[in-house]
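1. Here is my input; please provide its structure:
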Amino acid sequence: RIGIFMIKIPGGTCSDLCDPNLKMTRRDLLRVGGAGILGLSLGSLLKLQAMAAESGTISGGPGWGSAKNIVMVYLQGGPSHLDLWDPKENMPDNMRSPFKSIPTKIPGVNFTEILPGLAKLNDKFTMIRSMSYTPNGLFNHTAAIYQIMTGYTTDKVSPSGQLEPPDPKDFPNFGSEIIRLRPSTEPMLPFVMLPRPLQESNVIGKGGGAGFLGKAYDPYTLYPEGDDMDMNKMDHIKIDDLKLPPEVFALRLERRARLRQAIEESMPDIDKAVESYNLDDYYQRALNLIISGRARNAFDLQQEPEKMRDRYGRNTFGQSCLMARRLIEAGTRVVEVIWPKVANSDHHSWDHHVDLTKRMRDESGPMFDKGLSAFIADMDERGLLKETLVVAIGEFGRSPQKGVSTSGNRNSSDGRDHWPYCYTSIIAGAGVKRGYVHGKSDKTGSSPAEEPVHPMEMLASIYHAFGIDPGTIVLNHLKQPRELVKAKAVTRLFV
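-> Below you'll find the model as predicted:
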């Protein structure tokens, strides 16, 4: 009988990610003989190790490693670029925006009257007017959300463009990747998502979790009670889980931690290798979080002056932006502010298939302009933009022609359908150019005329800003090597 030749490599890099900054766990011993079954030969294994070593020395040029934190303002639903920040003149009636154009701080660059606040400070951020991609099949919300959040498309797309519910085999949200590759040393929640989950119809949370990285890298979900029409839901935040019970003092908690550690150390070595016993890291993080009180204080919006809360807007989006600033100040690495309405819905949803004029003028537009403009200005005034990347983006734009169907949905004469071929995003802070317009749309806003940027390139640019090579290899649930994202950073966005 011939034995199987096994090589144990107890190197310094972990098996989940080829990143030299991460240490191998007890369970991360690679056995090449078994790896061959999964398609990893000795040659390919050594190649991955070489790629890992190279990833630690790559310097990506402008913007490389400029960010320590990120706030993504995710405009789920897909706002109309033509009716916000890329208005067009001399358009036919069935394409023309109902809103007037207004000048901005950048000469020759106009917004619509919906964004008076952002028009006064677009000298603080970069606009990308050439976001563009061609979808696989019908381009409805969930598939597009999954792409921008994970950097990957999925094989399982229904005829309507919707996906199956979240699955542990999913690709991770970019925030989960960042907190794993660039773990925080602060006793604070590293990744927070608020004030509601990503959602289209009954598909909730797709693209919003850690997927195959495991639940340890899931975001802390700050979803206050109340439905999407409750504009005061941020006042319903409960912080009881982050408070010390009155009969338990920090000293007693620390004593309990030492007792837990003593018990764990007394386990046989073979048992300590079992993951279910490896409780110390999670317990210690939770303990530090509670004792420090940082999260509890950050979640308490009542600590803010009334004028500051008014400045952001007394609604869910405005107060969520204010919460994002407080979380960054407290040491959170990644904050994702999700637009507070189901992607495909009515009222202040960005999914304007009908009643675009009224809904954008009276509902979504004012709260967005006030909240985001206050957030950017406040972050800048406090010096937080120096190391914090801010991105505002949706899954697509809206069709230049009103009343037509591009996604299988019905649209009124005052509605625009989904349009991934050209739309606008903004990016600010952490070495991003100020007062810069990247790319250009054509005369109808239908497609990029110059320098198109794919959503995956946006993700690559985010990783780049954290000093993470977008081509860094991650092993999926089948231990197959995959890049973080198959795209290159757009370094022209940075100084």
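
2. Which residue comes closest to residue 170 once chain neighbours are left out?
-> Nearest non-adjacent residue to residue 170, counting by CB to CB, 6 or more residues apart in numbering: residue 211, 3.6 Å away. C-beta: built from backbone N, CA, C; applies to glycine.

3. What distance do you get for that neighbour to residue 261?
-> For residue 211, the distance to residue 261 (CB to CB, to the nearest Å) stands at 31 Å.

4. Between those two, which is the more surrounded one?
-> Each of residue 211 and residue 261 has its neighbours counted (other CB atoms under 10 Å); residue 211 has more, 24 against 14.

5. confidence score at the more buried one?
-> Residue 211 carries a pLDDT value of 95.

6. cool, residue 268 as well?
-> 57.

7. could you pull out the helices for the chain?
-> Secondary structure of the chain by DSSP state H: the helices cover 32-37, 42-55, 116-119, 141-150, 174-181, 250-265, 269-272, 280-292, 294-299, 306-312, 316-330, 356-359, 365-381, 455-465.

8. any idea which of the ones you listed scores lowest on pLDDT?
-> Among those, helix 32-37 carries the lowest mean pLDDT (a mean of 41).

9. Residue 168 is in contact with the residue nearest to residue 170, correct?
-> Yes: at 6.6 Å, residue 211 counts as touching residue 168 under the criterion of CB atoms under 8 Å.

10. any common contacting residues for those two?
-> Residues touching both residue 211 and residue 168 by CB atoms under 8 Å, 6 or more residues apart in numbering: residue 477.

11. pLDDT weak spots in this protein?
-> Applying pLDDT under 70 to the chain flags residues 1-59, 137-138, 155-163, 240-257, 259-260, 262-284, 287, 290-291.

12. repeat that with 50
-> The chain contains residues with pLDDT under 50 at 1-46, 49-50, 52-57, 270-271, 273-279.

13. The stretch 101-250 of the chain: strands as residue ranges?
-> 101-103, 110-112, 126-131, 191-194, 199-200, 203-204, 220-221 (DSSP state E, counting those that start in this stretch).

14. got the angle between the third one and helix 141-150?
-> Put simply, strand 126-131 runs at 130 degrees to helix 141-150, going by axes from the mean of the first three to the mean of the last three CA atoms, to 10 degrees.

15. Strand 126-131: how far from the chain's middle?
-> 18 Å (CA atoms, centre = their mean, to the nearest Å).

16. now do the fifth one
-> On the basis of CA atoms, centre = their mean, strand 199-200 sits 16 Å off its chain's mean C-alpha point.

17. Neighbours of residue 166, how many?
-> 18.

18. ok, now residue 63?
-> Neighbour tally, residue 63, other CB under 10 Å: 24.

19. who are the neighbours in contact with it?
-> So residue 63 contacts 430, 431, 432, 461, 464, 465, 489, 491, 493, 494, 495 (CB under 8 Å, 6+ apart).
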